[in-house]
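1. let me see the structure of the following:
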Amino acid sequence: MTTYKKSGVDIHLADKFTEFLEKKSKAIGGFAGLLSVPETKNKYSIVASTDGVGTKLKLAFLLDRHDTIGIDLVAMCVNDLLCCGARPMIFLDYYATGRLDLATSKKIIAGILEGCRQGESALLGGETAEMPGFYQPGEYDLAGFSVGIVENSKVLDGRKVRAGDVLVGLPSTGFHSNGFSLIRKVLDDKKLLKKYAPRLLTPTKIYVKDVNKLRAALKKRGQDVNALAHITGAGIPGNLPRVLPKHLGAVVHKDSWKVPAIMRELQRLGNIPEADMWDSFNMGLGMIAVLRPAAAQTALRTLKGSVVVGEVVKGKNEVVLL
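-> Below is the predicted model of the structure:
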């Protein structure tokens, strides 16, 4: 039996660290940080998020394929901004390696630029750090920083969510950029890892255009999104509660959409417990929108592949999987 903790990642310990950080700064805890701008008479807030690609990079190293990993980097940041209701505007990257390889570096930046195109953001700058002896030959690390803006009256912070709201899931393109320590633990044999790596390197979906399209369709009908949850590390059980008021929970019906075959295949290969699957992976949904019932019907008509996956209920800020 293979678990996320056995692969070296303790998500519950990470949650404790997040709780510690939240006590140190009231601005920490959401999908992104917001800072109201006095110069706009506090009408607008700057919104910022940072993230990386994680050990998915190991697959890029293995296949010597670096042209899509930058899309993942942008996606992990801009998708978080969307959950606050923000419009992504600018992106910065941090690229660190032991020895600069020009051909590889150009491919990485090409991916970042494509991610910025999809995420409707300008690549405003970044930092390239060459650190001999710090990284293994051919390896590097990436971090991204996304900044956007939101009108304070339109911030998504969970306050609009009510019992009876409908959960609409937007399909993922696979594992996205989470759970790869567990994936690599299961696919420990190099030949096996190479077999699956091309499919596993599918870039994370960027939801900017989908969310913009949805909100435009809702606005025409006098509707709006009540909350958005980016399903990343800790899966649906760990991310959906982040956008729900403390007195509300959610019921998610697992049979309302089809989990990607590759995820079930990996589960069989590694004998991964069902609970670990849901705590580690997005299980086929990269974003969940919380909507009033009428707005949910608009979403289904507007976004191809979207599906009703559950509802908001009175509870203790937790997700029940049925």
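2. contact partners for the nearest residue to residue 172 once chain neighbours are set aside?
-> Nearest non-adjacent residue to residue 172, counting by CB to CB, 6 or more residues apart in numbering: residue 286, 3.5 Å away. From N, CA and C alone the C-beta is placed, and that goes for glycine too. Residues counted as contacts of residue 286 (CB atoms under 8 Å, 6 or more residues apart in numbering) are 79, 170-173, 176, 204-205, 207, 230-231.
3. one more pass at 10 Å, please.
-> 75, 79, 169-174, 176, 178, 204-207, 210, 229-232 (CB atoms under 10 Å, 6 or more residues apart in numbering).
4. same question, residue 103
-> The contact partners of residue 103, taken as CB under 10 Å, 6+ apart, are residue 66.
5. report pLDDT for it.
-> If you check residue 103, the pLDDT there is 97.
6. ok, now the one 10 residues further on?
-> Confidence per residue is given as pLDDT, and for residue 113 that number is 98.
7. other SSEs contacting the helix or strand where residue 236 lies?
-> Assigned by DSSP states H and E, residue 236 belongs to helix 235-239. When contacts are defined as 3 or more CB pairs under 10 Å, 6 or more residues apart in numbering; DSSP states H and E, helix 235-239 packs onto helix 11-24, strand 227-230, strand 248-252, helix 274-280, strand 285-291, strand 319-321.
8. chain center to that helix, what's the gap?
-> Centroid separation between helix 235-239 and its chain, computed with CA atoms, centre = their mean, to the nearest Å, is 11 Å.
9. same thing with stretch 50-67?
-> Centre-to-centre, stretch 50-67 and its host chain are 16 Å apart (CA atoms, centre = their mean).
10. cool, and stretch 291-302?
-> How far stretch 291-302 lies from its chain's middle: 22 Å, per CA atoms, centre = their mean.
11. buried stuff in that stretch?
-> For stretch 291-302, burial by neighbour count (16 or more other CB atoms under 10 Å) applies to 291-292, 295-300.
12. let me have the residues you listed in CSV, extended by distance to residue 121, secondary structure and pLDDT.
-> Shown next, in CSV, are the buried residues of stretch 291-302 (distance: CB to CB, whole Å; DSSP: H, G, I helix; E, B strand; the rest coil; pLDDT from 0 to 100):
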residue, distance to residue 121, secondary structure, pLDDT
291, 26, strand, 98
292, 30, coil, 98
295, 27, helix, 98
296, 28, helix, 98
297, 31, helix, 97
298, 26, helix, 98
299, 24, helix, 98
300, 28, helix, 98
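13. now for these, which pair is the farthest apart?
-> Spatially, the most separated pair among these is 292 and 300, at 13.1 Å (CB to CB).
14. list residues touching both of those two?
-> By CB under 10 Å, 6+ apart, the residues touching both residue 292 and residue 300 are residue 166.
15. so residue 65 makes contact with residue 107?
-> Yes. Judged on CB atoms under 10 Å, residue 65 makes contact with residue 107 at a distance of 8.2 Å.
16. between those two, which one's more packed in?
-> Applying other CB atoms under 10 Å to residue 65 and residue 107 shows that residue 107 carries more neighbours, namely 19 against 14.
17. from what I see, the more buried one and residue 140 are in contact.
-> No. Taking CB under 10 Å as the definition, residue 107 is not a contact partner of residue 140, at 11.3 Å.
18. give me whichever of the helices and strands packed on helix 235-239 is most buried.
-> strand 285-291 (a mean of 27; mean count of other CB atoms under 10 Å).
19. now it and strand 248-252, what's the angle there?
-> In terms of direction (axes from the mean of the first three to the mean of the last three CA atoms, to 10 degrees), strand 285-291 departs from strand 248-252 by 130 degrees.
20. strand 285-291 pairs with which strands?
-> When sheet partners are counted by DSSP bridges, strand 285-291 sits next to strand 166-171 (antiparallel), strand 227-230 (antiparallel).
21. next, count neighbours for residue 151.
-> Close neighbours of residue 151, defined as other CB under 10 Å, add up to 13.
22. next: residue 213.
-> For residue 213, the neighbour count with other CB under 10 Å is 14.
23. likewise residue 199?
-> Residue 199, neighbours per other CB under 10 Å, totals 13.
24. swap in residue 284?
-> Neighbourhood size, residue 284 [other CB under 10 Å]: 21.
25. now it: how far from residue 72?
-> 17 Å (CB to CB, to the nearest Å).
26. related to what we said a few turns ago, so for the residue nearest to residue 172, what's the pLDDT?
-> At residue 286, pLDDT is 98.
27. the chain should start at 3 in everything you say after this.
-> Noted, 3 is the first residue going forward, which turns the last one into residue 288.
28. what does the helix holding residue 238 rub up against?
-> 13-14, 16-17, 33, 85, 169, 171, 180-181, 231-235, 252, 254, 256, 277-287, 289-290, 311-312, 320-323.
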